[in-house]
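Q: Just to be clear, the model below is a prediction. Sequence and coordinates:
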Amino acid sequence: MFDAAAVKRDFPILNQGGAPPLTFLDSAASSQKPQAVIDALVNYYTTINSNVHRGVYKLAVAADHAYDGTREHVARFINATSPDEIVFTRGTTEAINLVAATWGRTNLREGDLVVSTVMEHHSCFVPWQMIALEVGARIEAVRITESGELDQDHYRELLSQNPKVVAFTQVSNVLGTINPVKEMTAQAHAAGAVVCIDAAQSVPHMAVDVQDLDVDFLAFSAHKMLGPMGIGVLYGKRSVLESMPPYQGGGSMIRKVTLEKTTWADIPSRFEAGTPSVGDVVGLGAAIDYLQDLGYADIARHEHELAAAAIIRLSAIPGVTVYGPPADVARAGVVSFVVDGVHPHDVAALLDERGVAVRAGHHCAQPLMKALGVTATTRASFYVYNTIDDVDRLIEGVEYAQRVFA
Amino acid sequence: MFDAAAVKRDFPILNQGGAPPLTFLDSAASSQKPQAVIDALVNYYTTINSNVHRGVYKLAVAADHAYDGTREHVARFINATSPDEIVFTRGTTEAINLVAATWGRTNLREGDLVVSTVMEHHSCFVPWQMIALEVGARIEAVRITESGELDQDHYRELLSQNPKVVAFTQVSNVLGTINPVKEMTAQAHAAGAVVCIDAAQSVPHMAVDVQDLDVDFLAFSAHKMLGPMGIGVLYGKRSVLESMPPYQGGGSMIRKVTLEKTTWADIPSRFEAGTPSVGDVVGLGAAIDYLQDLGYADIARHEHELAAAAIIRLSAIPGVTVYGPPADVARAGVVSFVVDGVHPHDVAALLDERGVAVRAGHHCAQPLMKALGVTATTRASFYVYNTIDDVDRLIEGVEYAQRVFA
Amino acid sequence: MDSIYRENILEHSKRPQNKGHLDPYDYAFEDTNPLCGDEVRIELRVDDSGTVTDVAFDGQGCAISQASASMLTEMILGMHVDEIKAMPKEELLEEVGIELSPARLKCALLSFNVLKASLYGKAVDEQLHS
Amino acid sequence: MDSIYRENILEHSKRPQNKGHLDPYDYAFEDTNPLCGDEVRIELRVDDSGTVTDVAFDGQGCAISQASASMLTEMILGMHVDEIKAMPKEELLEEVGIELSPARLKCALLSFNVLKASLYGKAVDEQLHS
Ligand SMILES: Cc1ncc(COP(=O)(O)O)c(C=O)c1O
Ligand SMILES: Cc1ncc(COP(=O)(O)O)c(C=O)c1O
């Protein structure tokens, strides 16, 4: 059985004591880090630290080994066909910008169609909107249904207009919806489009197999999956990556530089200009180990249990509206809600008085807020270290907020 | 007096023991980290960690405080007029790419001139070459003199052609040359050009005052100044930054997103899309504290002492050629050399057998290698934790390499 | 810990003063706080001497932003435009009377910034970048 | 620790075998290792049956890359082109006979990759992206 209380003991920030104790329900924004990840960082800086790719001395060789070894580890983790398909970036945002700026600027032309959705995080929408505006392409967003799912009829209608690229999220950071990436990708490919997936909210919570999904690009961030901030991954299919010009220019991404002309390194180095964040890459490797030790099947089951309890109990409180798919379907552990007469921001602040950390606002999804007809929601998100007690404290906190504003 | 031996004790990686002990002479590639910086990272992840800019709960407020507080700290450190002029990036490379891609793509037109130099690191040359090629601008490189200084006559000649931008390094990562940034900037401004300075090798080693230099942009990396990998700084003059469109799209850099149109946040957020590397920013703050405690006057004196000793003793070995300014002028602690009959790579590998870590190769400065008429050099670089013993071991190692290849 | 939701905040946010619109008005401005989606619009009517005779605010947002806007309208009624221009933000914060984190400070000061912008003649469709 | 600069490496790097050029040649290719600036060019002459009758290499670089190129030329002299095509890299590495880090492995295999590319008919001005 999954023992969340034991897991929680691995996270020093959650065991600081204090009154009220911390109930951390904002992992969708950024997760906490287990001791193993912190130790990996410390170990890196106290025994390995060196720049990579260019040194012949022992530390540099060790750093290379750690860096490229983690690249292989990540490739296996998402079942890429080769470590060459793994590009390290700062995070999901940079990964998607990289695709929009290189693949996008090379392939999109005036009048072309880009398909996205109204449930996107700004990081998966704005980069495409920017490049579309720059080249004169159109961008259309798939609508959502009442229950917070993508409107597949609308999707097919947009595909019939032969978009060049389809960019959307695997899991909504507001609704918890899990989109059918595999099916949608097959349809997009049949329509001739390249598929770019925002996996920021999926990879931390479920097993992702890029070959099974058959996506062209997939992006995620270490900091949402128990790893350090400042590092993330862009997966790209070899053939697509190889066709792309570089993103940033600088050290490591070149083959030969002359004053007249520069030629580019092979993938993945071509997309990794400058000194990478080697320590954070090592930390990401430790986070993957930790998650795999727990096992994704158990993780998903545990999170669903907590989210379902939260949805059911929140919905039972008069004046509380919960958004997204219901408790009894496959969905992620993200629960957004609104309390009548109490601004979401005030709900969060009053929960904080009780030690419950949740997020309030537009969650970087303003088009979705507009579609839901709200300016903001309060969001509780669950992860491996949360327990059913945390749900109790969330519910008590919401009732407290209602009493204060009664 | 500056006590390098005491300083060295603060760096766990340099005190691991082992035989032969580690003589680390590759700080120009990436410096080691003092315990204080490692502690700052650990403290961040065990007591503060949270996403920034959007949370109302206590951790999020603490993370905001740490993040924006360090921004103020950095602003004071380089004497910017406001923290708004400090943009956090992954490092120098990303900072310069940001400028080339936003300011460059907005302001450069066909036929415009970009002035750089032959001594640039690829990170300060390739981004400008890429954007120049994209828009059809010309790029010209200032030549160097015999002693490895910029040819100021050539510079003035290029300025007379009214370049739009002048981009160069404050300190050469191969030669150790310190360029007269203030004078060159004044001349560039008189010619109507914007000035972008690569300070990757200067900020770690000398006090830099952006108002005194009057540069428009200045970039540096934390990892070369005792801080963590994965974080760096772009300084930009407020008026110039405010005129620029965003770089990457995503969370935090927006003001309002609709499906039709997005408006941008104010500076500096406009240039910081996505979750930043908050822990690494905190680590950078600790590194600045550490350097300021040591004092830049003492640091510069100490490094010059070591570099001068190395230059004099290397030059005295028959068959060894040292590049860059002589020992008795103001120069940085970077010493490049070539040993007749032994490839630079083999010199480095043989030094490594003796525990001496130096770099060999083109040092991401292929145009400079060409100008020097070599394919590669061996480079020793000194920092706060190096002692005169390290110079001894370098010299012994070079003599050993000569014996092996005799 | 001390709650920031003191009586005066709750009172003003539940029963805001001067909420609504003026027609015609002499000064008006509105802005949004991207953090929480707060929106505030302020409208003023002044007499010939420059004294505020009527004030109204509208908008939506968290209790802090709505309460502080309500308090602010009460404070400036009867003040001269020049006095308002010279008013430091601390005066409003004192009235609000609670310790605020930097993020919540933005909520509390939204109405204050909108008021100042209106007097300095910003166009209504121009956004405050504060 | 054990030095990678064993006698055989030093011997070959100081006195390389088959260094120079062939004119005419049947196969040729050259490439650069961006890491250390190593350059290797290999030229081959084969008889009608496809057996290597002459081989030459040129270039500059570290001792490992030069020595391994020198060894490689010795190994393939008299071999059939098809044999060379089938030759695994381990054969050369065994000859080199030292433990190499991944970076130095690239130095040791530069000549091997150049040789293979020449036989698979890559144009001389095409760069190997290996
Ligand atoms: C669905 C989704 N996409 C993208 C992002 C952006 O990730 P990051 O800020 O790490 O780049 C997030 C999180 O902020 C997210 O939830
Ligand atoms: C002069 C100079 N500029 C730029 C860089 C690039 O810095 P980074 O790799 O941290 O982006 C370096 C170091 O690699 C350097 O020495």
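A: That came through fine. Ligands and ions are numbered 1, 2, ... in the order given.
Q: can you give me how far the helix-or-strand element of chain A with minimal mean pLDDT is from the chain middle?
A: For chain A, the helix or strand with the lowest mean confidence is strand A:254-257, at a mean of 90 (criterion: mean pLDDT, DSSP states H and E). Centroid separation between strand A:254-257 and its chain, computed with C-alpha atoms, centre = their mean, to the nearest Å, is 33 Å.
Q: Which elements pack onto that strand?
A: strand A:262-264, helix B:122-135, helix B:366-372 (3 or more C-beta pairs under 8 Å, 6 or more residues apart in numbering or on different chains; DSSP states H and E). Every C-beta, even on glycine, is put in place using the N, C-alpha and C of the backbone.
Q: And ligand 2, is it touching that?
A: No. Judged by C-beta under 6 Å from any ligand atom, strand A:254-257 and ligand 2 are separated, with a smallest distance of 12.4 Å.
Q: Spell out which parts of the stretch 151-300 of chain A neighbour ligand 1.
A: Residues of the stretch 151-300 of chain A lying near ligand 1 (C-beta under 6 Å from any ligand atom): A:Thr169, A:Asn173, A:Asp198, A:Ala200, A:Gln201, A:Ser221, A:His223, A:Gly232.
Q: tell me the most buried of the helices and strands packed on strand A:254-257?
A: helix B:122-135 (a mean of 24; mean count of other C-beta atoms under 10 Å in any protein chain shown).
Q: helix or strand right after it?
A: Later in the chain than helix B:122-135, the nearest helix or strand by DSSP states H and E is strand B:138-142.
Q: who's in contact with that next one?
A: Under the contact criterion C-beta atoms under 8 Å, 6 or more residues apart in numbering or on different chains, strand B:138-142 has outside partners A:259, B:111-118, B:120, B:125, B:128-129, B:132, B:150-151, B:154-155, B:158, B:161, B:163, B:168, B:367.
Q: And stretch A:294-303, by the same measure?
A: A:2, A:4, A:7, A:205-207, A:291, A:332-333, A:382-384, A:386.
Q: Up against chain A, what does chain C have?
A: C:1, C:3-5, C:10, C:14, C:35-39, C:60-64, C:66, C:104, C:107 (C-beta under 8 Å from any C-beta of the partner chain).
Q: do that again at 10 Å, thanks
A: Contacts of chain C with chain A, taken as C-beta under 10 Å from any C-beta of the partner chain, map to C:1-5, C:9-10, C:13-14, C:32-39, C:60-66, C:101, C:103-104, C:107.
Q: Take these and keep only those in helices.
A: C:Ile9, C:Leu10, C:Ser13, C:Lys14, C:Ala63, C:Ile64, C:Ser65, C:Gln66, C:Ala103, C:Arg104, C:Cys107 (DSSP state H).
Q: lowest average confidence, helix or strand, in chain C?
A: strand C:27-33 (a mean of 88).
Q: so where's chain A uncertain?
A: A:54 (pLDDT under 70).
Q: Break it down into its domains, please.
A: Structural domains assigned to chain A are A:4-30+A:295-404, A:38-292, following automatic domain parsing.
Q: which ones are touching C:Leu44?
A: C:22, C:25-29, C:52-57, C:73, C:76-77, C:81, C:84, C:115, C:118-119 (C-beta atoms under 10 Å, 6 or more residues apart in numbering or on different chains).
Q: Not including adjacent chain positions, what is the nearest residue to the residue nearest the centre of chain C?
A: In chain C, the residue lying closest to the centroid (C-alpha atoms, centre = their mean) is C:Ser111, at 2.7 Å. Nearest residue to C:Ser111, sequence neighbours excluded (C-beta to C-beta, 6 or more residues apart in numbering or on different chains): C:Ala69, at 3.6 Å.
Q: in the helix or strand hosting the one you found, what's buried?
A: Per DSSP H and E: C:Ala69 is located in helix C:63-76. For helix C:63-76, burial by neighbour count (16 or more other C-beta atoms under 10 Å in any protein chain shown) applies to C:63-73, C:75-76.
Q: Which of those sits closest to chain A?
A: C:Ala63 (4.8 Å; C-beta to the nearest C-beta).
Q: isn't the closest one right up against A:Pro344?
A: No. Counting by C-beta atoms under 10 Å, A:Pro344 is not a contact partner of C:Ala63; they are 11.2 Å apart.
Q: Name the residues of the stretch 251-400 of chain A found near ligand 2, please.
A: A:Gly251, A:Gly274, A:Thr275.
Q: Go ahead and confirm the last one touches B:Arg90.
A: Just to be clear, that refers to A:Thr275. Yes. Contact criterion C-beta under 10 Å: A:Thr275 and B:Arg90 qualify, at 8.1 Å.
Q: Quick check: A:Glu146 vs chain C, distance?
A: Distance, A:Glu146 to chain C, by C-beta to the nearest C-beta, to the nearest Å: 23 Å.
Q: On the three-state scheme, that residue is what?
A: A:Glu146 carries the three-state label coil when classified by DSSP: H, G, I helix; E, B strand; the rest coil.
Q: what's the burial count for it?
A: 6 (other C-beta atoms under 10 Å in any protein chain shown).
Q: Also A:Ala330?
A: 11.
Q: so it touches A:His304, yeah?
A: Yes. At 7.5 Å, A:Ala330 counts as touching A:His304 under the criterion of C-beta under 10 Å.
Q: In the stretch 51-200 of chain A, which residue sits closest to chain B?
A: Counting by C-beta to the nearest C-beta, the stretch 51-200 of chain A gets nearest chain B through A:Thr93, at 2.7 Å.
Q: residue contacts, that residue?
A: Counting by C-beta under 10 Å, 6+ apart, A:Thr93 touches A:121-124, A:126-127, A:198, A:200, A:219, A:221, A:232, A:364, B:248-253, B:272-276.
Q: Where does it sit: helix, strand or coil?
A: Classified using three-state DSSP, A:Thr93 is helix.
Q: That one and chain D: what is the separation?
A: Distance from A:Thr93 to chain D, by C-beta to the nearest C-beta: 29 Å.
Q: Spatially nearest residue to that residue, not counting backbone neighbours?
A: Per C-beta to C-beta, 6+ apart, closest to A:Thr93 is B:Gly274, 2.7 Å.
Q: So the one you found sits against A:Cys364, correct?
A: Yes. Contact criterion C-beta under 10 Å: B:Gly274 and A:Cys364 qualify, at 9.4 Å.
Q: Please list all residues in contact with the spatially closest residue to A:Gly361 that is not a sequence neighbour.
A: Excluding the flanking residues, the one nearest A:Gly361 by C-beta to C-beta, 6+ apart is A:Ala376, at 5.1 Å. Listed by C-beta under 10 Å, 6+ apart, the contact set of A:Ala376 reads A:336, A:338, A:343-345, A:347-348, A:359-363, A:366, A:369, C:35-38, C:60-62.
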